[in-house]
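Student: curious how this folds, go ahead:
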Amino acid sequence: MDEQPIIIKRKKKVVGGHHGGSWKVAFADFATAMMAFFLVLWLTSTASPEQKLAVEGYFRDPVGFTEGGTPNPVDLEGSASVINEATQDVEANQIQLQDEVVEELADTLEQRRMEELFQELKKRIEESETLQQFKDQLLIDITDEGLRIQIVDRTGRPMFDSGRAELKYYSQEILFELAKTLGSVNNKLSITGHTDATPFNGRPGYTNWELSADRANTARRALVAGGVRPEQIARVVGLADSVLFDQENPTAPVNRRISIIVLNQKAADDIRSSAGRGGVPVIDLTRPTEAQESQAREKLESGDWLQEREAPAPGELNW
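Tutor: The predicted structure is shown next:
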């Protein structure tokens, strides 16, 4: 009987190590999910209420939701095809903005326009030989009413003679140069005259109030002659020494100045609305009383107004 061969089986143990690296895939998925989660948190914290409502409407009805999207399809080549007529199942919706949003956008555009005008004036001052000589007398800034240009007096170089409303020749040239830029905008202009605190003693009844108003009106005439349209002028006022530039030194030359403001739309509307007729006046001084109306009616009916009156004596006033 033949002997059968002896077979020996040896089992080889395989060590799994670090699970073949599958944990890396799981960790990458987890990191991606966390990144997406924090991205959503960041977007929701910076989104406006209108945007949040639009996202909420989409998740409520993804198929029928049309707000915030566009009805214009895009073909495969990337060019947009415009549809003028709405289909039966999708109506064209017009985006309606709230009044506050519209006003905020308008204010932003107005501010940007004022800043551009500010840069344009600075460039003109640098390029103009006339303005370059007197740039230390020009102060330009942006206020709540608009872009303000102040032409101030300097020691030994005033805009006007003392107590007079006639422009110096170089002051007129400054206004002519500024008018070239101011006349090219559509904004309304406000012109204000200022004096220092020194009382005016030139003639009786004429004070710094009259002097500042006359100087503002002189500046208006010079600007119109230089190219500003007459209908651009919205306000010409004299403030005397009520608004000093240098509060600590009321008699300083810098207090004597002409201020030109390129008004923004809000300031121009405020001037127009405040000057217009509001409601019924509390006291109407032009309306006669009932007694005066009755007396005038009796006089008209009696015919006394037809009687001739004696002529006034020589030198006698007859108002």
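
Student: residue ranges in the stretch 1-150 of the chain under the pLDDT threshold?
Tutor: Along the stretch 1-150 of the chain, segments meeting pLDDT under 70 span 1-21, 61-107.

Student: and the helices in this protein?
Tutor: 22-46, 49-60, 99-127, 129-133, 169-182, 208-226, 265-275, 290-302 (DSSP state H).

Student: a markdown table for those, including distance to Val236 and mean neighbour count?
Tutor: Any C-beta I mention is one placed from the backbone N, CA and C, and that applies to glycine too. Output for the helices of the chain, formatted as a markdown table (distance: least, Cβ to Cβ, whole Å; neighbours: other Cβ atoms under 10 Å):
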| stretch | distance to Val236 | mean neighbour count |
| --- | --- | --- |
| helix 22-46 | 47 | 10 |
| helix 49-60 | 44 | 12 |
| helix 99-127 | 21 | 13 |
| helix 129-133 | 23 | 12 |
| helix 169-182 | 14 | 19 |
| helix 208-226 | 5 | 20 |
| helix 265-275 | 11 | 13 |
| helix 290-302 | 37 | 10 |
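
Student: which one of those lies nearest to Pro199?
Tutor: Across the helices of the chain, Pro199 has its closest neighbour in helix 208-226 (7.1 Å, Cβ to Cβ).

Student: can you name every helix or strand that that closest one contacts?
Tutor: Counting by 3 or more Cβ pairs under 8 Å, 6 or more residues apart in numbering; DSSP states H and E, the packing neighbours recorded for helix 208-226 are helix 169-182, strand 189-194, strand 233-238, strand 257-263.

Student: the third one vs strand 257-263, what angle?
Tutor: Strand 233-238 runs at 150 degrees relative to strand 257-263, counting by axes from the mean of the first three to the mean of the last three Cα atoms, to 10 degrees.

Student: walk me through which strands strand 233-238 pairs with, and which way each runs.
Tutor: strand 189-194 (parallel) (DSSP bridges).

Student: show residues contacting the partner strand.
Tutor: Contact partners of strand 189-194, identified using Cβ atoms under 8 Å, 6 or more residues apart in numbering, comprise 145, 182, 211-217, 219-220, 223, 228, 232-241, 243-245, 255-263, 267, 271.

Student: mean confidence score for that strand?
Tutor: The pLDDT scores in strand 189-194 average 94.

Student: what comes up buried for it?
Tutor: Leu189, Ser190, Ile191, Thr192, Gly193, His194 (16 or more other Cβ atoms under 10 Å).

Student: cool, stretch 249-267 as well?
Tutor: 252-265, 267.

Student: please save the CA atoms from that stretch in CSV.
Tutor: Output of stretch 249-267 as CSV, limited to C-alpha atoms (Å, rounded to 0.1, in the frame of the first residue of the first chain):
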residue,chain,number,x,y,z
ASN,A,249,-10.7,135.5,16.0
PRO,A,250,-14.0,137.2,14.8
THR,A,251,-12.1,140.0,13.0
ALA,A,252,-9.8,137.6,11.0
PRO,A,253,-9.7,138.2,7.3
VAL,A,254,-10.7,134.5,6.7
ASN,A,255,-14.2,135.3,8.1
ARG,A,256,-14.8,137.6,5.1
ARG,A,257,-15.7,135.1,2.4
ILE,A,258,-18.1,134.0,-0.4
SER,A,259,-19.5,130.5,-0.1
ILE,A,260,-20.7,128.7,-3.2
ILE,A,261,-22.5,125.4,-2.6
VAL,A,262,-23.3,122.9,-5.4
LEU,A,263,-26.6,121.7,-3.9
ASN,A,264,-27.5,118.0,-3.9
GLN,A,265,-31.0,117.0,-4.9
LYS,A,266,-32.3,116.8,-1.3
ALA,A,267,-31.0,120.3,-0.4
